[in-house]
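Visitor: sequence-free structure coming up:
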């Protein structure tokens, strides 16, 4: 019975990360979707989906987003069915990177010192692969492939101080690492749950968080030499009270606090939680109560002000500038959910959002 449950779980997870293709030219801008921008101090959002005179990207399901660290007006979107889109003007106009052949793109990572070097995961046929471009997307080199169909690469992250180091996670529960830009790879961890998110600590690059689907958060403090699941001391009554609504299996999103070492925010199916001291302490963030009824798939923290946080639940985006005491709310006219939120690093008053169906 245990083996049957394990196999069923993996197959279900892989199915969730798959999708069917469709013709971009048939897309109609009938509702809010695709890509949104908030530009200014107020929590107001505008759709930015222009592709050409006949088509737009409002119907594209966005799985991942990467913002160029050198020119943050350059934004890359990885989609469920249409590969990678790029905008060089903060989302006003979009182009599809035709040279990138895979249709499904779950992870994109950009070299912070040389932003023409980009890593992206992709699915060709039914096999997961990783690609690298050194010319901004004009040509792509396959640098990793799964040995057989079925397993796909669903998460990707780059070390910001040593961009030769890249971590990737698979739907089969493996974490792999390259230390030479993809020329060679090594197995860092093998588990039983898909690795859906990888997040580096913003201050200490040796600390990395890995979200294991429906299991919890793995962390390493030595860049992948050792791993352990974040656990809370149940014998501490004060800590137990702070986390009474917290369950590791319900975590949906992770973001590291850019201003504080060892601090991260986790979005769950029942609220948001702030982990500090590298996961040894936890407290629930006071968010709008009704939003706790929906999974929090996306969180972002202002890179210049850790008291400013945005998160999304269902069809609403929430923003605080005082660490969570008060929140502004923006309602979206859509049936989709916000899958990812990113700040423009050079202009933090500008925030990007990608939407998808779950």
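Guide: Cool, got the structure. Note that the structure is predicted; figures quoted are calculated from it, not measured.
Visitor: Quick check: residue 309 vs residue 185, distance?
Guide: Residue 309 sits 35 Å away from residue 185, going by C-beta to C-beta, to the nearest Å. Just so you know, the C-beta spots here come from the backbone N, C-alpha and C atoms, and that holds for glycine as well.
Visitor: the more surrounded of the two?
Guide: More crowded of residue 309 and residue 185, by other C-beta atoms under 10 Å: residue 309, with 26 against 16.
Visitor: contacts for stretch 42-50?
Guide: Under the contact criterion C-beta atoms under 8 Å, 6 or more residues apart in numbering, stretch 42-50 has outside partners 29, 32-39, 56-58, 87, 90-94, 310, 317-319, 328-330, 332, 353.
Visitor: what's the closest non-adjacent residue to residue 207?
Guide: Of all residues beyond its chain neighbours, the one nearest residue 207 is residue 201 (3.8 Å), with distances taken as C-beta to C-beta, 6 or more residues apart in numbering.
Visitor: so how many other residues sit close to that neighbour?
Guide: 21.
Visitor: Was I right to think it contacts residue 256?
Guide: Yes. Here residue 201 reaches residue 256: they are 5.2 Å apart, a contact under C-beta atoms under 8 Å.
Visitor: Give me the common contacts of these two.
Guide: In terms of C-beta under 8 Å, 6+ apart, residue 201 and residue 256 are both contacted by the residues 209, 264.
Visitor: how much space between residue 82 and residue 311?
Guide: For residue 82, the distance to residue 311 (C-beta to C-beta) stands at 26 Å.
Visitor: Hmm, I typed the wrong one, I wanted residue 279.
Guide: Counting by C-beta to C-beta, the gap from residue 279 to residue 311 is 19 Å.
Visitor: any idea of the pLDDT on the nearest residue to residue 278 once chain neighbours are set aside?
Guide: Of all residues not flanking residue 278 in the chain, residue 262 sits nearest, at 4.1 Å (C-beta to C-beta, 6+ apart). Note on residue 262: pLDDT of 95.
Visitor: got a list of what residue 262 touches?
Guide: For residue 262, the contacting residues are 201, 203-204, 207, 276-279, by C-beta under 8 Å, 6+ apart.
Visitor: Same question for residue 80.
Guide: Taking C-beta under 8 Å, 6+ apart, we find residue 80 in contact with 19, 60-63, 104, 356.
Visitor: quick one: least confident of the residues you listed?
Guide: Out of the contacts of residue 80, that is residue 19, at 40.
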